[in-house]
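Asks: take this sequence and fold it.
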Amino acid sequence: MIPQVLGHLLSWLLDRKMKDDALSPGARLDWETVWHLRYSKTFKVLWIWQVAVWAAAASMFVVLPLVGLLDWRYALAAPVFGALLAFSCMMARDGLTQEIELSEWGITERRRSGRTTAISWSTVVDVRFVPLLDGYRVTSRDGQAIRLSMHIQGMPQFKAFVLRYSPPEAITGVRARLHKLERL
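Replies: Purely as a prediction, here's the structure:
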């Protein structure tokens, strides 16, 4: 029973830390109303650790059949472990490479690879919450999309900018969710 209590306590503390990180304001440049949203070190470490855990778990579906220890009924779980590995890789990649800039002009995503996606608020056609990705996806008129995890630092600023500057028809499906700035 003690490991279960410790596991719940650790999970609660981690959830609290992730929520505190997401509700932090992000960084603001003094001379402009530009906000830089980044992921915390806690988020980065957590997802790198989860990539390692899911990679080890998924590799068992390769190793165990080679030694003849995998029953076919358990092999049916392999796609689930593969999906969890892919999701954790995507989140770790975002945590390590993604930076979001919010301004009165629009939203800009920068990656360490040099790729930049910029969407002005006037061209936003859809802001959608995607539960499977645990984040928002902002889509422009020309098809460009930016995805923001709920765990990025500065989520209240993102919600405030979307409510203020994006076209009203673009946020009809998430208006109630966006109004709750403290809700993740």
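
Asks: tell me the first helix or strand C-terminal of the helix or strand of the chain at the bottom of the mean pLDDT ranking.
Replies: Least confident helix or strand of the chain, by mean pLDDT, DSSP states H and E, is strand 27-28 with a mean of 59. Once strand 27-28 ends, the next helix or strand along the chain (criterion: DSSP states H and E) is strand 35-37.

Asks: now the helix or strand that comes right after that next one: average pLDDT?
Replies: The helix or strand immediately downstream of strand 35-37 is helix 41-67, counting by DSSP H and E. For helix 41-67, the mean pLDDT works out to 88.

Asks: buried set for helix 41-67?
Replies: Phe43, Lys44, Leu46, Trp47, Ile48, Gln50, Val51, Trp54, Ala57, Ala58, Phe61 (16 or more other Cβ atoms under 10 Å). C-beta: built from backbone N, CA, C; applies to glycine.

Asks: stretch 104-122 too?
Replies: Neighbour-count burial for stretch 104-122, counted by 16+ other Cβ under 10 Å, picks out Gly106, Ile107, Thr108, Glu109, Arg110, Thr117, Ile119, Ser120, Trp121.

Asks: what's the offset of it from the middle of its chain?
Replies: Chain-centre distance of stretch 104-122: 16 Å, with Cα atoms, centre = their mean, to the nearest Å.

Asks: same question for stretch 157-167.
Replies: 18 Å.

Asks: show me what the most centrally placed residue in the chain bridges to in the sheet.
Replies: Against the mean C-alpha coordinate of the chain, by Cα atoms, centre = their mean, the closest residue is Ser149 at 2.2 Å. As for beta bridges, Ser149 partners with Gly135 under DSSP bridges.

Asks: could I get the phi/psi values of the residue lying farthest from the centre of the chain?
Replies: Ranked by distance from the centre of the chain (Cα atoms, centre = their mean), the top residue is Gly68, with 38.2 Å. Phi and psi for Gly68, reported as degrees, to the nearest 10, are phi 80, psi 30.

Asks: contacting residues for it?
Replies: Gly68 sits next to no residue when contact means Cβ atoms under 8 Å, 6 or more residues apart in numbering.

Asks: Asp134 too?
Replies: Residues in contact with Asp134 (Cβ under 8 Å, 6+ apart) are Ser149, Met150, His151.

Asks: surely the first one and Arg93 touch.
Replies: Think Ser149. No. Checked against Cβ atoms under 8 Å, the pair Ser149 and Arg93 is beyond contact range at 11.0 Å.

Asks: picking that back up, and the buried residues of helix 41-67, which is closest to Thr172?
Replies: Distance to Thr172 across these (Cβ to Cβ) is lowest for Phe43, with 29.9 Å.
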